[in-house]
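Enquirer: Mind folding the following:
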Amino acid sequence: MENKNQTLGEFIINNQNSFKYSSGELSRLINSIRLAAKVVNHEVNKAGLVDIIGETGKINVQDEKQQKLDVYANNKFINTLINRNIICGLASEEDESFISVNSIDKNNQNKYVVLIDPLDGSSNIDVNVSVGTIFSVYRRISKIGSSATIDDFLQKGRNQVAAGYIIYGTSTMLVYTTGDGVNGFTLNPAIGSFYHSHANLKFPKKGSIYSINEGNYLQFPDYVKKYLKFCQMEENDRPYTSRYIGSLVSDFHRNLIKGGIFMYPNTSKNPKGKLRLLYECNPISFICEQAGGLAIDGESNILDIHPETLHQRIPFYCGSEKMINQLQTFIKNSK
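Expert: Have a look, this model is predicted:
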């Protein structure tokens, strides 16, 4: 049972055996993300009062219109992580290349790389819908004493040592895993601390919610169209309920709590898929598996895919085990 009086820092110390490396290193990593998240949360909550919503007028590396809060969140996370003397490299969804970070002694002694989506769903800010931050942590594979290399970032999701997300909603929550279950922490804004509020989060084995942008229906693969019809049929425990926010963190978090499937398939417009493997799919898939769910691209388990580029896009399906298995039946029958 969760101890709701236990802070995030206390939880990490009390559960240090769940992290196979130094608990001090994990504390510094998560604390860096926690600190930046509190600052971003403060700004998100001021949206509409100060000039932080809307577009910058620039296009980011993803060929998407960059929001003002995207830039703000990106800078806050980069500066906070770089200044904590724990990472040797950082890659952001907002930037074309990775940043190599030297240790404080200038001998490249830091051991971790972080990949981050600073503000997922940021186009929802000006309509007051939940947004989030997604992060992924790897142990470097390049030699300590040298600068980080691209190979440190292009690792299979299975190699992640930690992953998580922050959701800025009716309350602000930080959810993360180190490969030993999933735990959630809720921010008490009065004192600025995250408290353990959700212990050992698990997907319900059988969900009843499907999340997909049905506006793109005509562009979906046939097996997705057939699965959607299956979800809508009046039979047994169906029809399922359709819920789609348009923010991966928000949609995933709801499905994790209530049970459901999230789908972002490849389309005729985006034949390789649209979500980013390294910044979105890998960390969410790690959390998903640790919570008893499944995550696939239609062919393979997401965590077994070997990335080829920093901004690689893939189709993405994740959620309750039974619902993913149902989808896989339609995929197999389409071949």
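Enquirer: what's across from residue 138 in the sheet?
Expert: residue 113, residue 160 (DSSP bridges).
Enquirer: Check what pLDDT it gets.
Expert: Residue 138 is assigned 97 on the pLDDT scale.
Enquirer: going forward can the numbers begin at 22, since that is how I track them
Expert: Yes, from this point I'll number from 22; that puts the last item at residue 159.
Enquirer: Mind naming the longest helix for this structure?
Expert: helix 44-65 (DSSP state H).
Enquirer: Mind listing what's buried along that one?
Expert: 44, 46-59, 61-62, 64-65 (16 or more other Cβ atoms under 10 Å). For every residue, glycine as well, the C-beta is placed using N, CA and C.
Enquirer: Settle this for me: residue 311 is touching residue 197, isn't it.
Expert: No: the pair residue 311 / residue 197 is not scored as a contact, 9.6 Å apart, by Cβ atoms under 8 Å.
Enquirer: Compare these two (neighbour count), which wins?
Expert: residue 197 (26 against 21; other Cβ atoms under 10 Å).
Enquirer: Helix, strand or coil: sort out the residue sitting nearest the centre point of the chain for me.
Expert: Nearest to the mean C-alpha position of the chain, by Cα atoms, centre = their mean, lies residue 155 at 3.6 Å. Under DSSP: H, G, I helix; E, B strand; the rest coil, residue 155 falls in the strand class.
Enquirer: so where does the residue lying closest to it once chain neighbours are set aside fall, helix or strand?
Expert: Excluding the flanking residues, the one nearest residue 155 by Cβ to Cβ, 6 or more residues apart in numbering is residue 138, at 4.3 Å. When elements are assigned from DSSP states H and E, residue 138 belongs to strand 133-141.
Enquirer: try residue 251
Expert: Following DSSP H and E, one finds residue 251 within helix 243-253.
Enquirer: Which strands and helices lie in contact with that helix?
Expert: With contacts taken as 3 or more Cβ pairs under 8 Å, 6 or more residues apart in numbering; DSSP states H and E, helix 243-253 sits against helix 342-354.
Enquirer: Report the buried residues of the helix it packs on.
Expert: Neighbour-count burial for helix 342-354, counted by 16+ other Cβ under 10 Å, picks out 342, 343, 344, 345, 348, 349, 351, 352.
Enquirer: before we move on, back to that, and the contacts of the longest helix of the chain?
Expert: Under the criterion Cβ atoms under 8 Å, 6 or more residues apart in numbering, residues 29-30, 33-34, 37, 40, 73, 90, 93-94, 97-98, 100-102, 105-108, 132-133, 135, 139-140, 146, 152, 154, 156, 158, 183, 185, 187, 189, 193, 195, 197, 199, 208, 213, 215 lie in contact with helix 44-65.
Enquirer: Now, of the residues you listed, which are buried?
Expert: Neighbour-count burial (16+ other Cβ under 10 Å) is assigned, among the contacts of helix 44-65, to 29, 33, 40, 73, 90, 93-94, 97-98, 101-102, 105, 107-108, 132-133, 135, 139-140, 146, 152, 154, 156, 158, 183, 185, 187, 189, 193, 195, 197, 199, 208, 215.
Enquirer: Quick check, residue 202 in contact with residue 196.
Expert: No: using Cβ under 8 Å, residue 202 is not in contact with residue 196; the gap is 11.2 Å.
Enquirer: Which one of the two is surrounded by more residues?
Expert: Ranked by neighbour count (other Cβ under 10 Å), residue 202 and residue 196 place residue 196 first, with 24 against 15.
Enquirer: Quickly list what the closest residue to the more buried one other than its chain neighbours is bridged to.
Expert: Leaving aside its sequence neighbours, residue 196 sits nearest to residue 205 (Cβ to Cβ, 6+ apart; 4.4 Å). Applying DSSP bridges to residue 205 yields these beta-bridge partners: residue 196, residue 219.
Enquirer: Tell me how far residue 205 lies from residue 116.
Expert: 29 Å (Cβ to Cβ, to the nearest Å).
Enquirer: ok, those two, which is more surrounded?
Expert: Per other Cβ under 10 Å, whichever of residue 205 and residue 116 has more neighbours is residue 205, with 23 against 17.
Enquirer: Check the spacing between the residue nearest to residue 105 when sequence neighbours are not counted and residue 303 real quick.
Expert: Nearest residue to residue 105, sequence neighbours excluded (Cβ to Cβ, 6+ apart): residue 53, at 4.4 Å. Distance, residue 53 to residue 303, by Cβ to Cβ: 19 Å.
Enquirer: for this structure, what spans make up the helices?
Expert: Under DSSP H, the chain gives helices at 29-35, 44-65, 89-103, 171-174, 243-253, 269-279, 303-311, 342-354.
Enquirer: can you redo those as TSV with mean pLDDT?
Expert: Conversion of the helices of the chain to TSV gives the following (pLDDT from 0 to 100):
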stretch	mean pLDDT
helix 29-35	89
helix 44-65	85
helix 89-103	89
helix 171-174	98
helix 243-253	97
helix 269-279	97
helix 303-311	98
helix 342-354	96
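Enquirer: Out of these, which is closest to residue 232?
Expert: The closest of those to residue 232 is helix 269-279. By Cβ to Cβ, the value is 4.5 Å.
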